[in-house]
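Visitor: Could you look at this predicted model? Sequence included:
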Amino acid sequence: MAFKLQEAKVKQRISEEKKTVELVERMKLIQVQEEEIARRKCELESKILRPADADKSKMQVLAEANHKRCVMEAEGSAAAVDMKGEAEAYALEIKAKAKAEEMEAKAEAWKDYHKAAKTALWLEAIPSVTAEVAAPLAQVGRITMVGDPDSGESLGPARITQEVMDIVEKIPLVATSMTGHKVRTVV
């Protein structure tokens, strides 16, 4: 019995040792699996996650750059349209001013031309008007002059000539009132 007891103790110890070995094997297996998990995690990070993060960052940077480019192009286009509009408005304003000045100069020229044409007609007409004023005198056979010799006024042919000259002298005043030009300063 002591032998059987001894044998049972040895078997129990062997059984305990087997269980310990199994426990150690399982712990080592768990440790190996944990290390395998850690290795796969690192592999996953290095092969998939990091490149994906890098691609994500690259895409974000490219998207941001593209966005900025589009905004800058739009701002540039808007500025160009604004400048073009301002330039066209300025050009129209300058053209309008030039046209107004041209029209004003034409109006002034026509006004001056009108006055000058009237004045020229009067200047051409003065000799014939003077002839017409003096024409009745050419048909007079005899003139009797009545006047006061003490008055200092001239009697005779000088008086008749003076009256014709008074009439002719009034012609430029009439021409001035009709043309707006002083005929005396033109003559």
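Guide: The structure has been received and is ready for your questions.
Visitor: Tell me which residues are up against stretch 93-101.
Guide: By Cβ atoms under 8 Å, 6 or more residues apart in numbering, no residue outside stretch 93-101 reaches it. Bear in mind the C-beta positions are built from the backbone N, C-alpha and C, glycine included.
Visitor: mind listing the helices for the protein?
Guide: Under the criterion DSSP state H, the chain carries helices at the ranges 2-44, 50-138, 157-179, 183-186.
Visitor: Next, work out how far apart the spatially most central residue of the chain and Leu92 are.
Guide: In the chain, the centroid-proximal residue (Cα atoms, centre = their mean) is Glu86; its distance is 0.7 Å. In this view, Glu86 and Leu92 are 11 Å apart by Cβ to Cβ, to the nearest Å.
Visitor: mind giving me a markdown table with the helices of the chain and columns for mean pLDDT?
Guide: Formatted as a markdown table, the helices of the chain follow (pLDDT from 0 to 100):
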| stretch | mean pLDDT |
| --- | --- |
| helix 2-44 | 88 |
| helix 50-138 | 85 |
| helix 157-179 | 76 |
| helix 183-186 | 54 |
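Visitor: Tell me which of these lies nearest to Val146.
Guide: Distance to Val146, taken as Cβ to Cβ, is lowest for helix 157-179 among the helices of the chain, at 10.5 Å.
Visitor: Which neighbouring elements make contact with the closest one?
Guide: With contacts taken as 3 or more Cβ pairs under 8 Å, 6 or more residues apart in numbering; DSSP states H and E, helix 157-179 sits against helix 50-138, helix 183-186.
Visitor: just to revisit the earlier point, quick one: which of the helices of the chain is nearest Asp150?
Guide: helix 157-179 (15.1 Å).
Visitor: Helix 50-138 and the closest one, what's the angle between them?
Guide: Between the axes of helix 157-179 and helix 50-138, defined by axes from the mean of the first three to the mean of the last three Cα atoms, to 10 degrees, the angle is 160 degrees.
Visitor: tell me which residues in helix 157-179 are buried?
Guide: By neighbour count with 16 or more other Cβ atoms under 10 Å, helix 157-179 contains the buried residues Ile160, Ile171, Pro172, Ala175, Thr176, Thr179.
Visitor: Same check on stretch 64-83?
Guide: Under the neighbour-count criterion of 16+ other Cβ under 10 Å, stretch 64-83 has nothing buried.
Visitor: Return the distance of that stretch from the chain's centre.
Guide: 19 Å (Cα atoms, centre = their mean, to the nearest Å).
Visitor: just stretch 17-27 next, same as before
Guide: For stretch 17-27 - counting by Cα atoms, centre = their mean - the centre lies 92 Å from the chain centre.
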